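# What shape does this take:
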Amino acid sequence: MDNRKRLIRLIHVAKRELAPLGLDDDTYRQMLENLTGKRSAAELTEAQLERVVAALKKRGFIVRPKVGKQVPLADDDMSRMIRGLWLELHELGFVANAAETALLRYCQRQTGVSALQWLNGKQAETMIESLKKWRDREALALARRLGLSSTAQSYQLEQVTKLCWQVAGSGLLSKANLAAVAHWIDERSAK
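Next up, the predicted model:
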């Protein structure tokens, strides 16, 4: 198979895998147009296809080896929680690379184990607590950089996350959500 066909196939796999993360058809076509000026992968040059694949990787797409060489992802509750925290850190901008391989390198540094399915209960808890502390530390630093009120900063981060769901409709600790929560807290504090 020539490289162009391989890239088109890879883009379609990425589109399918990223659909649950918000890459619907309209978003995909708009991304193509923003990157290349065209709305269909079939119309793209090989260089444009490579640019699209790179953009999809930044959104979290992981190129996996061919079937037979692929190690299945750990699918137990703790592994899913670890992966979810990793992706949350990526969405917040605290982790540059959302790829499973980057997570596994972090896991290796934290626990000495290079695959989530090989973690024992204590090691998995270590990973979860490490990722939560990282998220909390970065989110509080973000809140300070945004100049959020001291009242907003004094709330425990879990409370702020719950408030993000209530106020902004999302548990994501983004700049916009944190600002909305800070405004909400300030309004109630003034009463």
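# Can you pull up the most central residue in the protein?
Leu87 (3.1 Å; C-alpha atoms, centre = their mean).
# tell me which element that residue is part of?
helix 77-91 (DSSP states H and E).
# quick one: the helices in the protein?
3-18, 25-36, 46-58, 77-91, 100-111, 121-145, 150-154, 157-168, 175-190 (DSSP state H).
# Could you tell me the angle between the third one and helix 25-36?
Angular relation of helix 46-58 and helix 25-36 on a 0 to 180 degree scale: 130 degrees, by axes from the mean of the first three to the mean of the last three C-alpha atoms, to 10 degrees.
# Could you check the angle helix 46-58 makes with helix 3-18?
20 degrees.
# For helix 46-58, which helices and strands make contact with it?
helix 3-18, helix 25-36 (3 or more C-beta pairs under 8 Å, 6 or more residues apart in numbering; DSSP states H and E). Quick note: C-beta positions are derived from backbone N, CA and C, even for glycine.
# Could you do the fifth one as well?
In this structure, helix 100-111 packs against helix 77-91, helix 121-145, with contacts taken as 3+ C-beta pairs under 8 Å, 6+ apart.
# again, but for the longest one
Using 3+ C-beta pairs under 8 Å, 6+ apart, the elements in contact with helix 121-145 are helix 77-91, helix 100-111, helix 150-154, helix 157-168, helix 175-190.
# how about the ones you listed, which one is nearest Arg59?
helix 77-91 (9.5 Å; C-beta to C-beta).
# Which residues does the closest one contact?
Residues outside helix 77-91 that contact it (C-beta atoms under 8 Å, 6 or more residues apart in numbering) are 60, 73, 95-98, 100, 102-103, 106-107, 116-117, 119, 121, 124-125, 127-128, 131-132, 134-135, 138, 172, 174.
# and it, what's its mean pLDDT?
Mean pLDDT, computed over helix 77-91, is 89.
# ok, and the helix or strand in the protein with the lowest average confidence?
For the chain, counting by mean pLDDT, DSSP states H and E, helix 150-154 ranks last in confidence among helices and strands (a mean of 57).
# closest to Ala47 out of the helices and strands packed on helix 121-145?
Across those, closest to Ala47 is helix 100-111 (C-beta to C-beta), at 25.0 Å.
# Out of the helices and strands packed on helix 46-58, which gets nearest to Gly112?
Of these, nearest to Gly112 by C-beta to C-beta is helix 3-18, at 29.8 Å.
# Just give me how far that closest one sits from the chain centre.
Averaging C-alpha positions (C-alpha atoms, centre = their mean, to the nearest Å) puts helix 3-18 20 Å from its chain's average.
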